[in-house]
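Participant: give the three-dimensional model of this entry:
(one chain, ligands or ions: 2)
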Amino acid sequence: MILGISGTPGTGKTVVGKIVAERLGVPYIDLSSLVKRKKLHSGMDKKRGSFVVSRQKLLKEFKRLKQLHEDLVVEGHFVEEVHPDTTVVLRCRPDVLEKRLKRREYPFRKIRENVLAEILDVCSVNAGSSIEIETHNRSPKEAAKLVERIWQGKKPKLRQVSYFSYLPAFLKKKHC
Ligand SMILES: Nc1ncnc2c1ncn2[C@@H]1O[C@H](COP(=O)(O)OP(=O)(O)OP(=O)(O)O)[C@@H](O)[C@H]1O
Ligand SMILES: [Mg+2]
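Facilitator: Ligands and ions are numbered 1, 2, ... in the order given. Predicted coordinates:
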């Protein structure tokens with residue numbers, strides 16, 4: 001099975017994904033690192049300081065990986081590009097996410113863009129997934145155990161996530 005983990009930057013994909021893959025004994029792929037390492041991009045988005053992923057190159061490389069491994073844990077905020085069998089979306093309360101991203105010393109603009117994306121459910125919508133696990137109120141290990149249960153085909157009871165109530169305060173705030 002190809003298990004996808006999506007989520008806004010800072011929600012915990014890498015931390016949780018690595019624990020899950022280790023517990024399951026399945027290879028782990030971080031799509032952002034893969035794109036950089038294998039140059040699966042078509043240039044730079046200068047405004048954002050990030051690579052523009054080449055869908056074609058990514059799919060070709062992922063097809064190769066799938067031929068080598070039947071089971072994979074793959075994570076990235078654009079994980080839907082590789083069509084996982086099931087996708088879990090990690091979520092984080094916007095105020096907590098803002099603090100996590102500030103700790104990374106991201107530019108103000110990048111923090112705002114990501115916090116807004118989290119409020120607006122962008123990753124869940126893009127992934128077409130309603131399996132959402134919040135990471136602000138549980139440890140990475142607890143989040144990983146829930147992902148593992150989803151891998152096993154179980155349906156853990158999860159709170160329905162909605163951060164829309166954070167939008168008015170977000171729009172009023174001029175600085176993070
Ligand atoms: N329950 C949790 N699950 C995951 N991360 C958590 C949790 N609680 C706190 N954190 C912290 O949140 C941060 C998440 O960082 P991480 O690099 O895993 O995010 P990411 O989604 O992979 O971001 P990016 O898309 O930029 O790679 C870490 O500092 C981690 O310690
Ligand atoms: Mg990461």
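
Participant: name the residues of this protein found near ligand 1, please.
Facilitator: Residues of the chain found near ligand 1 (Cβ under 6 Å from any ligand atom) are 7, 9-16, 77, 100, 135, 138-140, 143. Glycine gets a C-beta too; all of them are placed from N, C-alpha and C.

Participant: most neighbours among those, please name it.
Facilitator: Among the residues of the chain next to ligand 1, Gly7 has the most neighbours (other Cβ atoms under 10 Å), with 30 neighbours.

Participant: residues in contact with the closest residue to Arg93 other than its chain neighbours?
Facilitator: Using Cβ to Cβ, 6 or more residues apart in numbering and skipping the chain neighbours, the partner closest in space to Arg93 is His136 (4.4 Å). Listed by Cβ atoms under 8 Å, 6 or more residues apart in numbering, the contact set of His136 reads Cys92, Arg93, Val96, Leu97.

Participant: now swap in Leu116 and tell me
Facilitator: Contacts of Leu116 (Cβ under 8 Å, 6+ apart): Phe170.

Participant: what does Thr87 give?
Facilitator: Shown in contact with Thr87 (Cβ under 8 Å, 6+ apart): Leu3, Gly4, Ile5, Ser6, Val79, Glu80, Ala127, Gly128, Ser129, Ile131.

Participant: helix or strand: which one has the third one?
Facilitator: Pointing back at Ile5 there. Assigned by DSSP states H and E, Ile5 belongs to strand 2-6.

Participant: show me what that strand is packed up against.
Facilitator: If contacts are counted by 3 or more Cβ pairs under 8 Å, 6 or more residues apart in numbering; DSSP states H and E, strand 2-6 sits against helix 13-24, strand 72-75, strand 86-91, helix 122-127, helix 140-151.

Participant: possible to save those as JSON lines with distance to ligand 2 and mean pLDDT?
Facilitator: Converted to JSON lines, the helices and strands packed on strand 2-6 look like this (distance: least, Cβ to the ion, whole Å; pLDDT from 0 to 100):
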{"stretch": "helix 13-24", "distance to ligand 2": "3", "mean pLDDT": "98"}
{"stretch": "strand 72-75", "distance to ligand 2": "7", "mean pLDDT": "98"}
{"stretch": "strand 86-91", "distance to ligand 2": "10", "mean pLDDT": "98"}
{"stretch": "helix 122-127", "distance to ligand 2": "13", "mean pLDDT": "98"}
{"stretch": "helix 140-151", "distance to ligand 2": "12", "mean pLDDT": "98"}
